[in-house]
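Asker: next input, structure requested:
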Amino acid sequence: TMLQSKAIPFMEAPPALDGTLPGDNGFDPLGLTNYFDIKWMQEAEIKHGRICMLATLGFLVPELFTLPWAYFPKGILAVDAHGKTQQGRIVDKVQG
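Answerer: Numbering: from 1, shown residues only. Below is the predicted model of the structure:
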């Protein structure tokens, strides 16, 4: 008989998840460890987590900090600074 998973007691534990990795409780309901190397998936998860943390930081910093008011007044949009987009020009031609 196979060992039962600690995470999902009614399922068999995957053979690649033997408890040697941190946080390894045998949770692999899709059976991905049968097709991919567990070390590769662990590195990919760490990399994607770091990218998400940087993306969150990149989202929050512009919301919290602005450049000096004298040079960059609040309320100017990128579209206003560079003119209308192609879609805006088409709408103007149709309406006017």
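
Asker: list the contacts of residue 31.
Answerer: Contact analysis of residue 31 by Cβ atoms under 8 Å, 6 or more residues apart in numbering lists residue 14. Bear in mind the C-beta positions are built from the backbone N, C-alpha and C, glycine included.

Asker: quick check: phi and psi at it.
Answerer: phi 70, psi 30 (degrees, to the nearest 10).

Asker: can you verify my assumption that residue 7 contacts residue 27?
Answerer: Yes - between residue 7 and residue 27 a contact is recorded at 3.6 Å, counting by Cβ atoms under 8 Å.

Asker: which residues does stretch 39-57 contact?
Answerer: With Cβ under 8 Å, 6+ apart as the contact definition, stretch 39-57 has outside contacts at 21, 32, 33.

Asker: secondary structure of residue 39: a helix, I assume?
Answerer: Yes - assessed with DSSP: H, G, I helix; E, B strand; the rest coil, residue 39 lies in a helix.

Asker: pull up the gap between it and residue 20, please.
Answerer: According to Cβ to Cβ, to the nearest Å, residue 39 stands 11 Å off from residue 20.
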